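1. just a sequence and a predicted model for now, questions to come.
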Amino acid sequence: MTLSSAEQHELRSTARALLGRASTSKRVREVVASEAGFDADLWKQMVELGWTSIHVPERLGGAGCGYADLAVVLHELGRAFTPSPFLATAVLATGALLAADHDEVAVPVLAELVAGGSLGTVAFASVGGSYEPAQRSVSWSPDGTAVQLNGAAGYVVDAAASDVLVVAARAVDGTTAVMLVDATSAGLRVERMQTIDLTQRLFNVSFDGVRVAAEQMLTEPGPRAEALLDRLLTLGVVATASDAAGIAEQALESTAQYARERIQFGRPIGSFQAVKHHCANMAVAVEASRATTKAAATDLDGEPAGWRTTAGITASYVGPACSEVCALAMRVHAGIGFTWEHDTHMWMKRAKLDEVLFGRPAWHRRRLADDMFPVLAAK
Amino acid sequence: MLEPGGALAELRVGVRHWCEAHVPPGWRHQQRGADHAELVEFLRWWGGELRCSGLFAPHWPREWGGGFSVEEQVVIAEELARGDVPRNALFHVAVFNVAPTLFHNATREQRDRFLPGIRDGEVWCQGYSEPDAGSDLASLQTRAVRDGDRYIVNGQKVWTSWAREADWCMLLVRTDPSEAKHQGISCLVVDMHSPGIAVRPIQQAWGPADFNEVFFDNVVIPVENRLGPEHGGWGVAQGTLAAERAISILEMTERLRHHGIEGAIREAVAWRLERGEVALDDPAVRELLAECWAEVHVVRNVLNQMIDDIILGVDVSGSSSVIKVLYSELLHRMMLRITDLRGVAGQIDAGVLACAGWETGFWMNDFIHSFGWLIGGGTNEIQRNVIGERMLGLPR
């Protein structure tokens, strides 16, 4: 059961109030310079409020609501550009475990994630940042009763903080497998990739003969494993789009306020049409991004058949639109917006990473074309 | 006759069957290159078909032959677009602009007097813009002088669609020149057959001439034809209401999907690029078309949000400018990009199709036509001012 709109409204208010206190610009700047890269106290509160398990069924210890509700939290985390393990743990790792066929592997770990006892992530991009199956750069091969992993995955969100990793690997014959790997496994190395966005951390994860018990597979290798990864990619796209829509909304509000208050030539700059129209264009993009991420998150609570299309539509529009909103925010703020002290660059950098983290918009459009054009051209 | 109040799925099937039975096959081909008289004759006939179906004005109140819920109106708009119906262009002003004004701002007597005519196929036009009052509409100069129980009107209107065909005109005039410009305006209904009215066609940039200049020379209008209070006309005729605009743009957006972008995808199987390759196989073309296809869904998402809000009773007037800008800019950009994709082949004139909306498949014509949406109903530049001032609280 997803939340009613009144309940969603309450969730939004709670989140905005908490993050307004605990994820101020000053605090974010302290946190990103720390070893952990996120605020453990805030994370504990987020877990206690049930945010990480909104979409987890009640029988597994969650609230039994939907992705449409989870997206409310993602939107607010974007607004406050909060550094947190939410995307990696609550969206990606939890999403992988929820989609797993093998409950005996997934359920105990899921319980840990839901309770906040451990953190997780998913390693499914190639070292070059591609999500195409043929580009996968982690290989798996049978090794007695276990499998052995070799190679590396790139752009893994929050890998250093994670206790467990869901890893996508490719066999010599091309068969895909998805398995749960302990972060402390021998031969597994995590190396930080210094991102320009300071609020989200990415890692290269290398596997040098890492042995994983065969029971750690989340599903049968092959098409089912590929379908699970496809679902995770859609989750990633919708989550980053929700985050970006939150950033853009906040950027719009701050920019409009600045345009109302900043006086030049004896009048507020927002009275000049050149500035006013930048703001109006931001408002149009924010409205469209909000409506599209909401529709996409609602799709995730429905039939899986449409998920790839949902990912394509969302990735094609929302990322670029929200980045453009941030770009306009910087232009309207002008000199002050170009300083390190002001937050415009924080919005812009996070929105840009959100735009491409789960595949370039252009790649998603090509996937859309491959999926849809044969159907549409035959109509 | 399709009736409101049944199951949505049945209504959908009903509208679909009606379209299959009533939309003349090949009408797009037949109407291509039609002259003005042929166009008007076709639109009058098509309006008659719609009037017999119950689909002429679904958003009107039940007592006037409408009564379809917002959800039902969405289904009707979707199915009309899908069924590739001609646009009800000749009656659009009467059904979508005049009637809502009558429902909200007219007396019972006025409704009883004018609505039956609209239902029976009378054509209306809207006398708003003037040569010196475009975006600054409130500075209009057409003067109405009170003379007992009548007004004497003198002045000129411009960009008046279907004025030559119109039986009536909903006219904005200045009744009190001493007042501030928004305060001295009244809204009058003018019989277009009155003595003293002269109408001159204006050909539009893309070819058709449904636009006109209208001249008023001592035209006599009875006071009982005034809608709303004297000098209070500005509030009466504030254009299409947000709910009606949402449904109207929803139909346009569905057309843009079925006959715009998906039409282009279907056609691109046969288009060849310079090296002989099929256009739809070219990666750049694929990306471009997929982006446009995605963006049509984005516009639809915003409309769905507006529809949900309308059903919940939330005020959507703020979104009205947003959706106009979003739809029209997408339409415009899409037509430009598809025209560019066609190269020199896209510059050959195959004849204008004037009654199919903004996505006739003659892409260069559609591109020129799309400027009409950027300009009409308040230019997008004015819309951006409205968004900035009313939504974001920016100073004037």
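-> Yes, it's here. Predicted model, so just to flag it, every value in this text is computed and none were measured. Residues are numbered from 1 along each chain as shown, chains lettered A, B, ... in the order given.
2. does the longest helix along chain B reach chain A?
-> Ranked by residue count and defined by DSSP state H, the top helix of chain B is helix B:283-312. Yes. Contact between helix B:283-312 and chain A is present through B:283, B:286-287, B:289-291, B:293-295, B:297-299, B:301-302, B:304-305, B:312 (criterion: CB under 8 Å from any CB of the partner chain). Heads up, the C-betas are built off the backbone N, CA and C, glycines and all.
3. buried set for stretch B:326-335?
-> When neighbours are counted by 16 or more other CB atoms under 10 Å in any protein chain shown, the buried residues of stretch B:326-335 are found to be B:Leu326, B:Tyr327, B:Ser328, B:Glu329, B:Leu330, B:Leu331, B:His332, B:Met334, B:Met335.
4. which of those fall in helices?
-> B:Leu326, B:Tyr327, B:Ser328, B:Glu329, B:Leu330, B:Leu331, B:His332, B:Met334, B:Met335.
5. out of these, who's near chain A?
-> Subset of these in contact with chain A: B:Leu326, counting by CB under 8 Å from any CB.
6. quick check, nearest of the ones in helices among the buried residues of stretch B:326-335 to B:His369?
-> The shortest distance between B:His369 and any of those, using CB to CB, involves B:Met335 and amounts to 7.9 Å.
7. contacts only, for the residue nearest to the closest one when sequence neighbours are not counted.
-> Spatial nearest neighbour of B:Met335, excluding adjacent residues (CB to CB, 6 or more residues apart in numbering or on different chains): B:Phe367 at 4.0 Å. Residues touching B:Phe367, when contacts are defined by CB atoms under 8 Å, 6 or more residues apart in numbering or on different chains, comprise B:His332, B:Met335, B:Leu336, B:Thr339.
8. can I assume A:Asp143 is in contact with A:Arg211?
-> Yes. Counting by CB atoms under 8 Å, A:Asp143 does reach A:Arg211; the two are 6.2 Å apart.
9. what's the distance between B:Ile311 and chain A?
-> Taken as CB to the nearest CB, to the nearest Å, the spacing of B:Ile311 relative to chain A amounts to 12 Å.
10. residues near that residue, how many?
-> Each residue near B:Ile311 was counted by other CB atoms under 10 Å in any protein chain shown, and the total is 13.
11. tell me which residue lies farthest from the centre of the chain.
-> In the absence of a named chain, chain A is used. Ranking residues of chain A by C-alpha distance from their mean position (CA atoms, centre = their mean) puts A:Gly266 at the top, at 43.7 Å.
12. you looked at the wrong chain, it should be chain B
-> Within chain B, B:Arg275 marks the point farthest from the mean C-alpha position, 41.5 Å out by CA atoms, centre = their mean.
13. what about that residue, which helix or strand?
-> Secondary structure from DSSP states H and E places B:Arg275 outside every helix and strand.
14. torsion angles phi and psi at it?
-> Backbone geometry at B:Arg275, expressed as degrees, to the nearest 10, gives phi -90, psi 10.
15. enumerate the residues of the stretch 251-396 of chain B near chain A.
-> Residues of the stretch 251-396 of chain B lying close to chain A (CB under 8 Å from any CB) are B:262, B:265-266, B:268-269, B:280, B:283, B:286-287, B:289-291, B:293-295, B:297-299, B:301-302, B:304-305, B:312, B:319, B:322, B:325-326, B:381, B:383-385, B:387-389, B:391-396.
16. am I right that A:Arg27 is in contact with A:Asp41?
-> No. With contacts defined as CB under 8 Å, A:Arg27 does not count as touching A:Asp41, sitting 10.4 Å away.
17. who's more crowded, those two?
-> Neighbour totals were compared for A:Arg27 and A:Asp41, and A:Arg27 leads with 17 against 9 (other CB under 10 Å).
18. got the contact list for the more buried one?
-> A:Arg27 makes contacts with A:Asp39, as judged by CB under 8 Å, 6+ apart.
19. work out for me the element it sits within.
-> With DSSP H and E as the criterion, A:Arg27 is inside helix A:25-32.
20. now that helix, how far from the chain's geometric center?
-> The gap between where helix A:25-32 is centred and where its chain is centred comes out at 20 Å by CA atoms, centre = their mean, to the nearest Å.
21. do stretch A:153-161 as well
-> From the chain centre to the centre of stretch A:153-161 is a distance of 12 Å (CA atoms, centre = their mean).
22. any idea how far B:Glu165 lies from B:Val189?
-> When distances are taken as CB to CB, to the nearest Å, B:Glu165 and B:Val189 turn out to be 17 Å apart.
23. sorry, back to before: now the contacts of B:Phe367 in a markdown table, with pLDDT?
-> What follows is the contacts of B:Phe367, written out as a markdown table (pLDDT from 0 to 100):
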| residue | pLDDT |
| --- | --- |
| B:His332 | 97 |
| B:Met335 | 97 |
| B:Leu336 | 97 |
| B:Thr339 | 96 |
